[in-house]
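A.B. asks: My questions are about this predicted structure, shown below with the sequence.
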Amino acid sequence: MRHTLTIASRELRSLFLSPVAYVVLTLWSVIAGTFFLVSLLTFHERQLQLQQFQMLEQIETMNLNDNLIEPFIGSMWVIVLFLLPAVTMGLVASEKANGTDELLLTSPITIWDIVLGKFLAGVEFVTILTAIAGFFPALLFHYGEPELGKTLAGMLCLWLVSVTYVAVGVFASSVTRNQLVAFIFTFVLLLILGMMLPFIVDISMSGSGVAADSKVAEVVRWMATGSHVDRMLQGLIDTGDLAYYAVASAIFLVLSKTVIESARWR
Amino acid sequence: MTDQKNREANRDSNREAGGDARPAGERAAPLAIEVEGLCKRYGDHEAVRNLSFSVRAGEVVGFLGPNGAGKTTVMRILTGFLPATDGTARIAGHDVFSDPIAARRAIGYLPETPPLYPEMTPASYVDFVARLKDVPRAKRRAAVDRALERCGLASVRGREIRQLSKGYRQRVGLAQAIVHDPQVLVLDEPTVGLDPIQIREIRALIADLSRSGHQTVILSTHILPEVEAICQRVILIGRGQKVLDQPLAELTKGGVALEEVFTRVMTRDAADAVEKGAA
Amino acid sequence: MTGTALLLAGLGGVALAFGLLTALLAVLQPFSDPIWIVGNLAVGLVLLAASVFMSLDTLRERVQTGASRRAGRYGTSAVLGAVFSIAILGFVAFLSARHAHRFDVSESQVHTLSEQTKGLLAKLDQDVAITAFFAESEAPPVRDLLDRYAFENRERVELTFVEPNDAPGMIEELGLGTEDLARGVVRIALASGEATTLTEFTESAVTNALQKLVKSKDKTIYFLTGHNERTIEPGPDDQAEPPMPGHPPAPKSAHATGPDSFGRAADALVNETYEVASLLLATQSDVPEDAAAVVIAGPTRPFLDGELAALARYVERGGALFVAVDPRAQTNVYPLLQGLRRRPRRRRRRRSGARDLRSGDDPARPGIRRDPRDHPRPARAHALPDGPQRRARTRLGRGLHGPRPHEPGLVGGARSRCLARERPRRAR
């Protein structure tokens, strides 16, 4: 545990000594700000429109959570998918490139210390990302009265998705010593996990009628991140969804551990 | 069958070499490194073949051999970076395979290329390693300062490692290896690629370490004068096998230069190989 | 392993993976050509076998010399350990999906079914198949709603989504019209064969439909008539109320809509899945068996002895009575109530549900207000289930768009607790 923290804090410090972290943070802030502004303007415009047409019923049901915060976070987790590989690509790959893996593997620490340390550093980084994204919904509390519970559930969801993706990044980074390869591999894995899986199901499903709810489709759909996001964004916390994030992270961490360990016996 | 016999023979020769040549006082010192029947294969290639030797605490041993002889592999096995295919290795009494954490705690290791994070400073880097190697919190600061001091890094401790010259980087690597005051110091070609002045500095440092400390040092090199300058004992390996294991004093007795011995041994070894291949 | 063997192994692996992938796709879509699967699998296996055969010498040598013995052991145990851990994690995931708990953190509990629906689902004694004919992507709110039903009782309720274009046979078999299909149809079928279809997708509609299918006996609420009570039946002078501006016209009601009628209350009860009927005790010797409650709303004429006796018997056997009396009215219902008041108050519960029936602040409406002067008061307030009070609470404040919009939610007593007002969700 002590070693895990040691490795995590060193990794985080190195991350902030390199330009990558700042580039990602800047991009993230700009994108989050833009998206939020767009969501806000869309919300406002729609409200004006409804008022103009006297559609009171719809105005009544419009609210900050469902019509602004939810779409905002719903697009931010997709941005994580694009930005995070740049941060995680170096986590383990750079150790191999530097030759510092030899230091870590000959130190009196376990491989779990290394894997969890790297993971923890990534988690700390995405916590910063989530906090930045959370700044915008927090602004709304000053001007309006969004629901706290739903907003927090949305932020939790964004954080959990990011954490899961960090685990994927650790794994992809441990497979290779080349950071570019790690970047591409992470990106491909995240694309499959985050976006492709439901498409694969849908494409292969079209024309097969009722099979849409077959067991295989169910499992494939379960594996996709997207199927565990919507409920939580809407303020419904399902322990099954929480378990998805935990299990997915754990699986990729186990895989990373095995891959790093394999240097010992390959 | 032949394999086993071979191993036994090896062990005997080891005992002779290690034992008889030593003054009576040193014989009592505990064994810091014990290696028995070590083998390492990479696929078809046999990098280390049935290697056995032992080093007593406080000794400085030169691990000598031409490039590709398997020196780095042996050191990596000793430090637990690679597993041996067969055989055992013990560091300060801890088996590196069955009790790796304790064995690694007793070792300070400078790999062939020093494992440095270019964006860190020597001070923060050595501090990081001290944490990894379980230096107690109370003593950590002092240990880091001392390691930097001894390696002559006090003046550059706050600079980024990437800005340092190669000689300084080598020193940072060395500081990292000694920060936790290990019982055994494993140095893989510590002077390779340095200019003559830097080489002299590093050698002086190692000599100083072995003199002032109680550390056992095992250092690999293919540069003969280096061995003459600092080592008390020489283990010569060629193509993964031990060729010679003698105290330096005995080896160069009667004014024979080490280089001559080295060349003689290596050519004999090569001849043996040719013979073996023919048979 | 030699280079050639390695190449063969790689190619074999790719072919095998491709074969397995097509096999997976074939499971999902039975139309794909089996020759692809078989061919790929066969080629993959042959190539792998060839590669193994070519490197057989090396392998044998390695095994014999004991090379990689330790490394092999290490590697095997590491890989096995990883596989084992992942299997356990997969099992954990499976279990957690099966035994999930849900926490609704939204302020107005929009993701939670009403107690009424939950109770209905909990009491199901046969399997229910809900089939939604929807383009799935177009109907997330419906999916969410039906999903809640399926989640609430995972043993009994099975939810299936069918893309209408994909199952023409099924649609023909069920006789669904194209007009309905354009809007989407939900079919609820019991294991016993009874089924119903609905084209309105709110919790109350679905629950109502389900309730009607599995109707149990004691679910009728009787409104007593014959003593000039407020009625629920539409009279000749009943006129449809003009809709409020900005509102859709009120759904057509089978009940009275006049200002003095109890039609709104009846509508609300129907929404809560009760049956509502008028009861003329003069023609019946007894209150019917299936009565959940009898409502006596503002009688102004005296009761016959036989009627009072019937009511007393009904109360005696545990029936619920809801009496609202105008203090100025001439009625002989008090002795019945007086007798009841001395009785031990078993099963006497008052829930907010009853309070909700009050019709605002309008003193002209009889409502069911409790009189400050002790009696008359309802002898027993039967526990009416709580409906969720759903109102969009969060709304951008004045700072951004000026005055708050009109709040229609509180107009009309019955409407304020109308289950039907599901909140439409953002289309995705």
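C.D. replies: Sure thing, it's come through. Numbers count the residues shown, from 1 in each chain, chains lettered A, B, ... in the order given.

A.B. asks: mind checking the SS state of B:Val55?
C.D. replies: With DSSP: H, G, I helix; E, B strand; the rest coil as the basis, B:Val55 sits in strand.

A.B. asks: Quick check, pLDDT for the residue in the stretch 151-266 of chain A that chain B sits nearest to.
C.D. replies: For the stretch 151-266 of chain A and chain B, the shortest gap (CB to the nearest CB) falls at A:Arg264, measuring 5.5 Å. Placement of C-beta: from N, CA and C, glycine included. Note for A:Arg264: predicted pLDDT of 72.

A.B. asks: Three-state assignment for it, please.
C.D. replies: Quick answer, by three-state DSSP: A:Arg264 is coil.

A.B. asks: Dump the helix or strand B:Ala143 falls within to PDB, keeping only the CA atoms.
C.D. replies: Assigned by DSSP states H and E, B:Ala143 belongs to helix B:137-150. The C-alpha trace of helix B:137-150 is given here as PDB (Å, rounded to 0.1, in the frame of the first residue of the first chain):
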ATOM      1  CA  ARG B 137      10.800   7.500   7.000                       C
ATOM      2  CA  ALA B 138      12.900   9.000   9.800                       C
ATOM      3  CA  LYS B 139      16.100   8.100   8.100                       C
ATOM      4  CA  ARG B 140      15.100   8.800   4.600                       C
ATOM      5  CA  ARG B 141      16.200  12.300   4.300                       C
ATOM      6  CA  ALA B 142      19.600  11.600   5.800                       C
ATOM      7  CA  ALA B 143      20.000   8.500   3.600                       C
ATOM      8  CA  VAL B 144      19.200  10.500   0.400                       C
ATOM      9  CA  ASP B 145      21.600  13.300   1.300                       C
ATOM     10  CA  ARG B 146      24.300  10.800   2.100                       C
ATOM     11  CA  ALA B 147      23.900   8.900  -1.100                       C
ATOM     12  CA  LEU B 148      24.000  12.100  -3.100                       C
ATOM     13  CA  GLU B 149      27.000  13.400  -1.200                       C
ATOM     14  CA  ARG B 150      28.900  10.200  -1.700                       C
END
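
A.B. asks: orientation of the helix or strand just after that helix relative to helix B:137-150 in degrees?
C.D. replies: Using DSSP H and E, the helix or strand that directly follows helix B:137-150 along the chain is helix B:166-178. Relative orientation of helix B:166-178 and helix B:137-150, computed by axes from the mean of the first three to the mean of the last three CA atoms, to 10 degrees: 150 degrees.

A.B. asks: So which bits of helix B:166-178 are buried?
C.D. replies: B:167-178 (16 or more other CB atoms under 10 Å in any protein chain shown).

A.B. asks: Could you do stretch B:150-164 as well?
C.D. replies: By neighbour count on 16+ other CB under 10 Å, the buried set for stretch B:150-164 is B:150-153, B:156-157, B:161, B:164.

A.B. asks: what do you get for stretch B:202-222?
C.D. replies: Buried residues in stretch B:202-222 (16+ other CB under 10 Å): B:202-203, B:205-206, B:209-210, B:213, B:215-222.

A.B. asks: so what does the helix or strand hosting A:Phe183 touch, helix or strand wise?
C.D. replies: Counting by DSSP H and E, the element that carries A:Phe183 is helix A:179-191. Helix A:179-191 is packed against helix A:70-88, helix A:90-98, helix A:148-175, with contacts defined by 3 or more CB pairs under 8 Å, 6 or more residues apart in numbering or on different chains; DSSP states H and E.

A.B. asks: what bits of the chain have low per-residue confidence?
C.D. replies: This is for chain A. A:198-216, A:265-266 (pLDDT under 70).

A.B. asks: nope, chain B please
C.D. replies: In chain B, residues with pLDDT under 70: B:1-29, B:213, B:253-258, B:265, B:268-279.

A.B. asks: In the stretch 151-279 of chain B, what residue comes closest to chain A?
C.D. replies: Closest point on the stretch 151-279 of chain B to chain A, by CB to the nearest CB, is B:Gln176, at 7.3 Å.

A.B. asks: Quick one: residues contacting that residue.
C.D. replies: By CB atoms under 8 Å, 6 or more residues apart in numbering or on different chains, B:Gln176 lies in contact with A:103, B:108, B:110, B:114-115, B:125-126, B:129, B:147.

A.B. asks: buried residues in the helix holding B:Ala143?
C.D. replies: Those would be B:140, B:143-148, B:150, for helix B:137-150 by 16+ other CB under 10 Å.

A.B. asks: Equivalent analysis for stretch A:119-133, please.
C.D. replies: So for stretch A:119-133, counting by 16+ other CB under 10 Å, buried means A:119-123, A:125-126, A:129-130, A:133.

A.B. asks: And stretch A:164-179, by the same measure?
C.D. replies: Buried, per 16+ other CB under 10 Å, within stretch A:164-179: A:164-177, A:179.

A.B. asks: which two from those end up farthest apart in space?
C.D. replies: A:Thr164 and A:Arg177 (24.3 Å; CB to CB).

A.B. asks: Which residue, other than its chain neighbours, is closest to A:Gln58?
C.D. replies: Using CB to CB, 6 or more residues apart in numbering or on different chains and skipping residues adjacent in sequence, the residue nearest A:Gln58 is A:Leu50, 5.0 Å away.

A.B. asks: Might you specify the subset of the buried residues of stretch B:202-222 located within strands?
C.D. replies: Mapping the buried residues of stretch B:202-222 onto strands (DSSP state E) picks out B:216-221.

A.B. asks: so where do the strands sit in the stretch 101-250 of chain A?
C.D. replies: A:236-238 (DSSP state E, counting those that start in this stretch).

A.B. asks: What parts of it come near chain B?
C.D. replies: Taking CB under 8 Å from any CB of the partner chain as the contact definition, the stretch 101-250 of chain A meets chain B at A:101-110.
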